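Peer 1: No letters, just coordinates:
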């Protein structure tokens, strides 16, 4: 007598022990409250790059939208409901793009890569949502002489630094970008055995609306981002990602900020675009 | 001009920066040598459980094979080629089962769950092979008074302990099990948006043959395994897995061992069964 | 030509590379600002124990003061100036006592034991001030269902949990204690070679005054503390400490709080009592 | 009724809970066996520096002995008896020197600095023996293309790398050094309150004899060492140490090795020189 999958319940590997608790499926006792979870400090910086640089990292059926601007965000999160009140760190790197599907046409934040310092949301996010999450060590930000330092490393190799300084008179020209409908991702799972083939290759989309998100404060800032070139021995599973980003020319800063927020959502509103 | 996927190359999320280096796709400089990589200390213990206990954790089209025996293995690995000589820790839990597919009938180690203490092989193994890998902290084994202590924890909650003692006169009755053709897995990826549906639900299989594996020595031992019951707050993404295993009745030990090995393979020989 | 110690500069082992930067000796570039460093979330809980319980852990020339109350504090610290803006976690356990020296008579917080999750302040605090600091893993507090959970562990063995819940109507009787002049410590260094002898055995004292400390808010709460009995194999360098504290009878809670503070001091005002 | 110190027993801060278990005082159950503890992989490399470089890092009453050679060792240790079978990593940096005391004249390994990745032996070693131990992250060595890579970092800043390659024909000229009687250290504890004064400033000495040490094998190798210059913000408690070592000119390699050993001693034979 083998087990049966319960209808309407989310499973993840291993499926053999029942439906899987996670961000989009919490037990009753979790007392989910999307107006309080998570509590977040958010460091953001954008920079202008060459118009010709991003296309080679943008998949088919996408076209770039607006200025050639890349944005990087460090999310320091606490009091996350589905982790029973624990926190972790997350990095997102995106640029604006438009997806031209057969049925859907959507402009949004094209999520190029993410890093997180906890395996659990990496597993749930890759499989359930298609978020391109990799692992990195992401220590708490460090504040010295008015500048926040956010870094990411892997096994001791620091590959990313973001510096953000609050300022009352931001000198950066403001970020001009099209209206964004949400977040665009390419969910991709390779086919086992037929190496090089795709088992899943879908565009997934999370709408922008997050009604329970409260921005407690947001301050303008000046920001600077640097990726460090890596050898294969430094980052044997992702040197190609880091080196591609290190090679993007930075033409000019395009604004930065520090913010405190509360609340969020489970991304259950994510869907596949066609 | 968007990027094109290169034919015959393995990709993983994010796919936007080119083919992904990993266990089954290493750069030339990796100097892969499957007769040396990895170097491994392997602690194994098996125990007899009730015949009625495992079926509820075995998927459709599988039937149990041989005695109702569960085996747990701790692999302490070093000098791994695709990680540029680094190491990490891995746990496997399996029982013998036979897959009765439409075309394939295979008896093997049914891989029920794995834990690893590094996110990178979790990402590659889940997506490329269908290995049911979760994250745990797995410190080096501790040897005191002739007994090796292997443990696993998550955010400070220790949920698994294996004790293995070398012995010249093992008192455990030997493990009787059918001939095993390889390792059986259920590769499962949920469908985004249609929550509860499966996008991928396949049986994958890695043949047993590992011609470059050298067992430098293997010693018989006595073993004992214990899982600890967890609340959702202790293990919010996997308490259901750990509790199911903690509830398996342990009727009798069925042999244990400590071994040193060298060499392995990339699991490129894994294929989908039908 | 050997090196000479520079007059008036603080040294620590190894002394061979010059005066040692640290909390009480920062380079000019450190931009020390004791009105901002550190930023702290502070969880405190006190409990009444038996009058007869603490004396066996109080050294000669000390007598207990006030009610037999033990207080435990978790300090989650960020933006620490002498760490260039980094943070770390600290635990303090103390009870009120009076030191009756030949010249000095002082009543204060008798600091029985501390734990920190960073080796650097352990080294500086033990050697320079005489603070009885040990190492523990201290993750960020976890907030679930209105209760903060603060824990400490060592190599995966969790030995201490503090739970603190904000409350608008604290039911605990308030803590009654004598006026406290500061913090009392026993600085002790063993003599090398003559095992069992003391090289240093001094009472050190830090006055209470911290003019730059700003309590941004403090809320009353209900608290509960639990130490877990440990075997030598669990905590081979400090099971005796943890077990002594686990054996203290808890008769009643005596108040708890959660607070946010800013500012502090370097403890340069610490001196030896006679 | 205060507690009394028990005669002949070693204490450490906090002294209030009884004698302190540790390397030189283990409970009966520890089953100490100095012929088996620890099991060690030892990477060693020496290099010739300028004769004028080391004196400024050598204290009074010491003179350099033999060639101006600096040796660095990485000790990867497992199965340590006083840690109940756990392991940790240690780095030692030393050069030969002669202590000319009033009564003692000893030539030995002058221990300039050590790093360890566990706070407990740092606390015991600094206080009980006078070993100049600091904390660093020290991952397991990495072996790629025949070369072992050993590194040390602090909060993500990698400050030291040792590369050691086994070779059947070592080209380095052999290390010539005087006969060494043991290990020389400067035990130093600052005086609380009178900042800049020393409370303890003693030369301590551990004789070389380690009768239970078994070198299972030792292979000649070629080695290379590099320290990385650090800013105060990178290493706020030890940039002065690392920078002094980074500035030592490396004139030529002077031999390296890889070894496996078993057994050791407690350093209870350490004594104060006069």
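Peer 2: That came in fine, so what should we check first? Bear in mind the structure is a predicted one, so any value in this text is a computation, not a measurement. Numbers count the residues shown, from 1 in each chain, chains lettered A, B, ... in the order given.

Peer 1: quick one: whichever strand or helix holds residue A:258 to chain centroid distance?
Peer 2: Here residue A:258 is covered by strand A:252-262, with elements defined by DSSP states H and E. For strand A:252-262, the separation from the chain centroid amounts to 15 Å (computed by CA atoms, centre = their mean, to the nearest Å).

Peer 1: which residues touch that strand?
Peer 2: Applying CB atoms under 8 Å, 6 or more residues apart in numbering or on different chains, the contact partners of strand A:252-262 are A:35-36, A:38-48, A:67, A:69, A:148, A:164, A:166, A:170, A:172-175, A:213-224. Using the backbone N, CA and C atoms, a C-beta is placed for each residue, glycine as well.

Peer 1: switch the cut-off to 6 Å
Peer 2: Contacts with strand A:252-262, where a contact means CB atoms under 6 Å, 6 or more residues apart in numbering or on different chains, come from A:36, A:39-48, A:69, A:164, A:166, A:172, A:174-175, A:214-223.

Peer 1: got the contact list for stretch A:52-62?
Peer 2: Residues outside stretch A:52-62 that contact it (CB under 6 Å, 6+ apart): A:64, A:68, A:95, A:97, A:99, A:100, A:186, A:248, B:1, B:2, B:3, B:16.

Peer 1: got the contact list for the last one?
Peer 2: Spelled out, that is residue B:16. Counting by CB under 6 Å, 6+ apart, residue B:16 has contacts A:57, A:112.

Peer 1: got a pLDDT number for it?
Peer 2: If you check residue B:16, the pLDDT there is 97.

Peer 1: Check residue A:170 too.
Peer 2: With respect to pLDDT, residue A:170 has a value of 60.

Peer 1: re the thing from before, show me what the strand holding residue A:258 pairs with in its sheet, parallel or antiparallel.
Peer 2: strand A:39-48 (antiparallel), strand A:214-227 (antiparallel) (DSSP bridges).

Peer 1: In CSV, list those strands along with mean neighbour count and mean pLDDT.
Peer 2: Formatted as CSV, those follow (neighbours: other CB atoms under 10 Å in any protein chain shown; pLDDT from 0 to 100):
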stretch, mean neighbour count, mean pLDDT
strand A:39-48, 21, 96
strand A:214-227, 16, 96
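
Peer 1: any chance of those in CSV, with distance to residue B:114 too?
Peer 2: Shown next, in CSV, are those (distance: least, CB to CB, whole Å):
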stretch, distance to residue B:114
strand A:39-48, 32
strand A:214-227, 32
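
Peer 1: about what we covered before: any chance of the contacts of stretch A:52-62 in TSV, with secondary structure too?
Peer 2: Output for these, formatted as TSV (DSSP: H, G, I helix; E, B strand; the rest coil):
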residue	secondary structure
A:64	strand
A:68	coil
A:95	strand
A:97	strand
A:99	strand
A:100	strand
A:186	strand
A:248	coil
B:1	coil
B:2	coil
B:3	coil
B:16	helix
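
Peer 1: Quick check: mean pLDDT of the helix or strand that the strand holding residue A:258 is followed by?
Peer 2: Per DSSP H and E, strand A:252-262 leads on to strand A:271-273 as the next helix or strand towards the C-terminus. Averaged over strand A:271-273, pLDDT sits at 98.

Peer 1: Find the residue at the geometric middle of chain A.
Peer 2: residue A:92 (3.3 Å; CA atoms, centre = their mean).

Peer 1: If that residue is in a bridge, with which residues?
Peer 2: Bridge pairing for residue A:92 - DSSP bridges - gives residue A:73, residue A:114.

Peer 1: Show me what the helix ranked longest in chain A packs onto, helices and strands only.
Peer 2: In chain A, assigned by DSSP state H, the helix with the most residues is helix A:239-246. For helix A:239-246, the packing partners by 3 or more CB pairs under 6 Å, 6 or more residues apart in numbering or on different chains; DSSP states H and E come out as strand A:214-227.

Peer 1: I'd like to check the angle between the strand it packs on and helix A:239-246, please.
Peer 2: 100 degrees (axes from the mean of the first three to the mean of the last three CA atoms, to 10 degrees).

Peer 1: Pull the residues that contact the host helix or strand of residue A:107.
Peer 2: Assigned by DSSP H and E, residue A:107 belongs to strand A:105-116. Strand A:105-116 is contacted by residues A:65, A:90-95, A:97-99, A:122, A:131-134, A:136, A:152, A:178, A:180-185, A:205, A:241, B:14, B:16 when judged by CB under 6 Å, 6+ apart.
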